[in-house]
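Chemist: sequence first, then the predicted structure:
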Protein chains: 2
Amino acid sequence: MLGELTQEKTSFRDVKAEILRRITDGPWGPGSLLPGEVELADEFGCSRTTMNRALRELSELGLIDRRRKAGTRVRMAPLREARFEMPIMRAEIEKTGATYRYALVSHTVLEAPEWLRAKLSLKPKTPVVHLICLHFANGVPFQLEDRWINVAALPEALEQEFTNVGPNEWLVKTVPFSEVEISFHAVAASNDAVTYLDHNLGDPVFCIERTTWWKGEAITFVTLSHRRGHRMTTRY
Amino acid sequence: MLGELTQEKTSFRDVKAEILRRITDGPWGPGSLLPGEVELADEFGCSRTTMNRALRELSELGLIDRRRKAGTRVRMAPLREARFEMPIMRAEIEKTGATYRYALVSHTVLEAPEWLRAKLSLKPKTPVVHLICLHFANGVPFQLEDRWINVAALPEALEQEFTNVGPNEWLVKTVPFSEVEISFHAVAASNDAVTYLDHNLGDPVFCIERTTWWKGEAITFVTLSHRRGHRMTTRY
DNA sequence: CCTTGCATTATGCTTACACATAACTATACA
DNA sequence: TGTATAGTTATGTGTAAGCATAATGCAAGG
């Protein structure tokens, strides 16, 4: 008697999974038109709301295309996107079981050079903090961080030492909700990379550049250079 | 905000936007505990369902953290992820207004070399198709594609010419729902890169490697090398 | 002091229903 | 023949209600 009460309802997860199955190796190949929500809900023995959620999430995944009146179609070329969590170095390194160490290499305050002014739309003579830091994994230098912070937008940066806490962690705490442009590319090892990352001059280095704005104002620009052979990987 | 005379109902979008505002420049800083769904729904004049959807989507965005009983908290370090649409070269290039051209450089069928067998878990003597192709933007070589296709898993590949249609487009049509591992790194220009991409030997080259499985079986492995100075960029 | 377990509570999910809106279709009218 | 318009239909989004489930804290019992 009581056992009957724990009767499971059809969850949107189950529905989603089954529809996904029918799309990937079942009868609903690319381009095909799915039955309407009502019909499907009926077939699966769930409410339209539940079916709607399942389909909505599949649509967010980029597998199906939904249009009013037109109905729900399986995408011809499911546009799946790769996602990368923007790593905080400490977390990234400690996740692998390695021990993390941070070191500040240099710390200067100066007027923004021209290229930086152009990049961040800074006024002439804007003071900036320039930092060079190293991130170690198990004692081996792993990432070289070359960072510029716009003091006009973030005067607190002047009071920071950055000797124990890296600028990244400090910035994430201080300006948590920023807008970001990120770009990946390969460059020849600079002098700094040679000195600190055990490269030879001209070696290919995997670089990440990140510019950060807050309320329309540029906060910081950083170049992250990686140790030889570094890869950035994800699955989906 | 609420004073709309037209009987509009409060949409989950509005709710979401306002909550986001309160998080980013309002009173709900990182770490703070939000009121419960019921209370919020009451304040915003919407149903709990609507509030739930708004909060759920913010949680999917990585801005808040929700736990039963514990309540809803603003994340200390909002873990936002960068997203890259995995480009189909033709679309990517034509999007910029440039004209796209594809060329097949070489096409061979052979037994999988040892390193490939290891990478894709292939049996000894598995035949593979090896292709080298070029993608041009406005007549300039833009991307060099070095692709291996597992014939055991995809015998149709043997019948394809790949002279007009690139392997990527063909594969997307043929095996649309695959599992993918993708990785970015920098390497020194290989002979092929020198020959086809106008590099000098040893130049840093931005590389994408992609391995694709379908139903647990490796389908294809591809290395994409890019022209000098290429960047992969996204905003979020 | 430490466990065990119950009550509480906030989120998670489902149902049933209703109306909104976009887009396709058919029909009417100039 | 071409265009305007109304009807139809599938998805989009909202409300109210209820049970499910996880996490927390308090209390009883050893």
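Modeler: Yep, that arrived.
Chemist: could you list the low-pLDDT ranges of chain A?
Modeler: A:1-9, A:80, A:87 (pLDDT under 70).
Chemist: can you tell me which residues in chain A are near DNA strand C?
Modeler: Residues of chain A lying close to DNA strand C (CB under 7 Å from any atom of the strand) are A:9-13, A:45-50, A:53, A:67-70. C-beta here means a position set from N, CA and C on the backbone, and glycine is covered the same way.
Chemist: neighbour-wise, which one of these leads?
Modeler: For those, counting by other CB atoms under 10 Å in any protein chain shown, the largest number of neighbours falls to residue A:50: 22 neighbours.
Chemist: ok, now which ones touch that residue?
Modeler: A:10, A:11, A:12, A:15, A:41 (CB atoms under 8 Å, 6 or more residues apart in numbering or on different chains).
Chemist: any idea how far it lies from residue A:185?
Modeler: Distance, residue A:50 to residue A:185, using CB to CB, to the nearest Å: 45 Å.
Chemist: is stretch A:138-147 up against chain B anywhere?
Modeler: No: using CB under 8 Å from any CB of the partner chain, stretch A:138-147 never reaches chain B; the gap is at least 13.5 Å.
Chemist: quick one: that stretch to chain centroid distance?
Modeler: Stretch A:138-147 has its C-alpha centroid displaced from the chain centroid by 19 Å (CA atoms, centre = their mean, to the nearest Å).
Chemist: that older thread, pull the most distant pair out of the contacts of residue A:50.
Modeler: A:11 and A:41 (13.2 Å; CB to CB).
Chemist: where do the helices of chain A begin and end?
Modeler: A:2-5, A:12-24, A:37-44, A:48-60, A:89-95, A:114-120, A:167-174, A:191-197 (DSSP state H).
Chemist: list the buried residues for the second one?
Modeler: Going back to what we said before, that points to helix A:12-24. A:12, A:15, A:16, A:19, A:20, A:23, A:24 (16 or more other CB atoms under 10 Å in any protein chain shown).
Chemist: can you list the residues that contact stretch A:180-187?
Modeler: Outside stretch A:180-187, the residues within contact range by CB under 8 Å, 6+ apart are A:86, A:204-213, A:225, A:232, B:80, B:82, B:184-187, B:204-207, B:229-236.
Chemist: out of the residues you listed, which are buried?
Modeler: A:86, A:204-213, A:225, B:80, B:82, B:184-187, B:204-207, B:230.
Chemist: narrow these to those in strands?
Modeler: A:204-213, A:225, B:82, B:184-187, B:204-207 (DSSP state E).
Chemist: run the contact check for stretch A:10-23 versus chain B.
Modeler: Yes: Stretch A:10-23 is in contact with chain B by CB under 8 Å from any CB, via residue A:23.
Chemist: show me how far that stretch is from its chain's centre.
Modeler: Using CA atoms, centre = their mean, the offset of stretch A:10-23 from its chain centre is 28 Å.
Chemist: coming back round to it: hmm, which two among the buried residues of helix A:12-24 are most spread apart?
Modeler: Maximum pairwise distance among the buried residues of helix A:12-24 (CB to CB): 18.1 Å, between A:12 and A:24.
Chemist: get me the contact residues on chain A for DNA strand D.
Modeler: Contact residues (CB under 7 Å from any atom of the strand) of chain A with DNA strand D: A:5-6, A:34, A:36-38, A:48-49, A:52, A:55-56, A:59, A:66-69, A:71-72.
Chemist: select only the buried ones of these in PyMOL?
Modeler: Here is the PyMOL command that selects only those of the residues of chain A next to DNA strand D that count as buried (16+ other CB under 10 Å):
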select buried, chain A and resi 34+37+52+55+72
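Chemist: residue A:131: what's it in contact with?
Modeler: Residue A:131 neighbours (CB under 8 Å, 6+ apart): A:104, A:106, A:107, A:145, A:146, A:147, A:148, A:149, A:162, A:167.
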